[in-house]
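Visitor: sequence first, predicted coordinates after that:
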Amino acid sequence: MTLIDRKTRPESWAFAAVLMVLAFVVMPTAEAQEAASAPYDSLGTIEVKHDRFRELIPTDSRLEILASGFEWTEGPVWWPEQETVLFSDIPRNTVFAWTKKGELKPFLKPSGYTGSDQFTGQEPGSNGLLFDSNGRLILCQHGDRRVARLKDDRTFETLASTYQGKRLNSPNDAVFKSDGSLYFTDPPYGLPKNVDDPAKELPFQGVYRLSPDGTLTLLTDQMTRPNGIAFSPDESILYVANSDPEKAIWMAFPLKDDGTLGEGKVFADATDQVGKEKGLPDGMTVDRDGNLFATGPGGVLIFAPDGTHLGTLKTGEATANCTFGGEDGSVLYVTADMHFCRIPTTTKGLGFND
């Protein structure tokens, strides 16, 4: 969006150890440090639209502000080995870490733009973050216009940067399928002038599949601003958010046996709320029962698998993304504009054991 996993295998421990000793070269703002050490304030309110909402969010739950003072937070991901949440601050080209001790630390800079020239846009950094099955950090990098993997020596390995010889726009968010395929979105938000940028090489905004052998397949070019992306628990449906104020929708695509997409349908439509509430359809996550936690106008909208809008965590801010984490996977972490937040739930994210 513009500014205006699972438990891993044992071999990931070596990588984790390397990452935890990275030199933290960028300090949080004074506001962020102060918020991290202070008692947690609440953000926004909770709107219940259906009785089933209370099966997911307890009555006494509140959205706690863990840290604040950022420019635009995005891409939260739970790192199970370290019991830590990583998240992007895109304008600052930095990934931050919220540790199991409740400490806020800069984790990685640069995170999305590694060029020597000054980046002239607003969003140079990483956006979506996730771990592969070997525990390696994968980043959607706006400034470098690629999907990359962080190596042990702190350099980046490019996984996807071009389609049919043309540079990608600015990969935004991604999700792994159980077969190792990576599905990702490619809107233009990381380009300095967005869709009209002269450096834009592709005439569309795509959703792609990167197979384990490195083959990149365009799945659809029919979405104007593809953004957040997630699978249903059985991987039969791929959800994709469209952060276009003129068509603020979430699409549901059936998945074919070859990993490509069938004809999609509108899962939910919030176009009539654009301008009335802050935010647009953006990042999302799915719980183990198939409920969709999707950021959009108003905050985090929670939908049942049948599309029923159960309720909203109304943040009062443009809200970018969310993910499940915590030791048992029941904590929802939320990035909302300048804030990094959490709320306890009575459900669990995919991949967490009972």
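Guide: Received it, and whenever you're ready, just let me know what you need.

Visitor: pLDDT of stretch 180-189, averaged?
Guide: Across stretch 180-189, pLDDT averages out at 98.

Visitor: endpoints of that stretch, how far apart?
Guide: The first and last residues of stretch 180-189 sit 27 Å apart, counting by CA to CA, to the nearest Å.

Visitor: give the buried residues for that stretch.
Guide: Buried residues in stretch 180-189, counting neighbours by 16 or more other CB atoms under 10 Å, are found at 181-189. C-beta: built from backbone N, CA, C; applies to glycine.

Visitor: looking at the residues you listed, which is nearest Glu83?
Guide: Leu182 (24.8 Å; CB to CB).

Visitor: across the sheet, point out what pairs with the closest one.
Guide: Phe176, Leu210 (DSSP bridges).

Visitor: now do the contacts for it.
Guide: 138, 147, 159-160, 174-176, 209-210 (CB atoms under 8 Å, 6 or more residues apart in numbering).

Visitor: distance of it from Asn134?
Guide: 13 Å (CB to CB, to the nearest Å).

Visitor: now Thr308
Guide: Note on Thr308: its distance to Asn134, by CB to CB, is 38 Å.

Visitor: ok, Ile343 next?
Guide: Ile343 sits 30 Å away from Asn134, going by CB to CB.

Visitor: quick revisit: dump the buried residues of stretch 180-189 into a markdown table; add distance to Pro203 as well.
Guide: Listed next are these as a markdown table, based on distance: CB to CB, whole Å:
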| residue | distance to Pro203 |
| --- | --- |
| Ser181 | 25 |
| Leu182 | 23 |
| Tyr183 | 21 |
| Phe184 | 19 |
| Thr185 | 16 |
| Asp186 | 12 |
| Pro187 | 14 |
| Pro188 | 11 |
| Tyr189 | 17 |
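
Visitor: closest to Gly349 out of the residues you listed?
Guide: Among those, and counting by CB to CB, the member closest to Gly349 is Tyr183, at 17.4 Å.

Visitor: residues in contact with the nearest residue to Thr308 once chain neighbours are set aside?
Guide: Of all residues not flanking Thr308 in the chain, His50 sits nearest, at 6.1 Å (CB to CB, 6 or more residues apart in numbering). Applying CB under 8 Å, 6+ apart to His50 gives the contacts 304, 308-311.

Visitor: which of those are buried?
Guide: Applying a neighbour-count criterion of 16+ other CB under 10 Å, the buried members of the contacts of His50 are 304, 309-311.

Visitor: which SS class is Pro198?
Guide: Applying DSSP: H, G, I helix; E, B strand; the rest coil to Pro198 yields a three-state assignment of coil.

Visitor: now Ala270: how far from Pro226?
Guide: 16 Å.

Visitor: so Arg54, which state does it fall into?
Guide: helix.

Visitor: just give the closest residue to it, not the sequence neighbours.
Guide: Of all residues not flanking Arg54 in the chain, Val48 sits nearest, at 6.8 Å (CB to CB, 6+ apart).

Visitor: and Ser211, by the same measure?
Guide: Ser181 (5.3 Å).

Visitor: does that neighbour touch Gly259 like I think?
Guide: Yes: using CB atoms under 8 Å, Ser181 is in contact with Gly259, at 5.7 Å.

Visitor: can you list residues touching both of these two?
Guide: Common contact partners of Ser181 and Gly259 (CB under 8 Å, 6+ apart): 209, 211.

Visitor: before we move on, the earlier item: which one of the buried residues of stretch 180-189 is nearest Phe231?
Guide: Closest to Phe231, out of all of these and judged by CB to CB, is Tyr183, at 7.9 Å.

Visitor: contacting residues for that closest one?
Guide: 174-177, 207-210, 219, 229, 231, 238.
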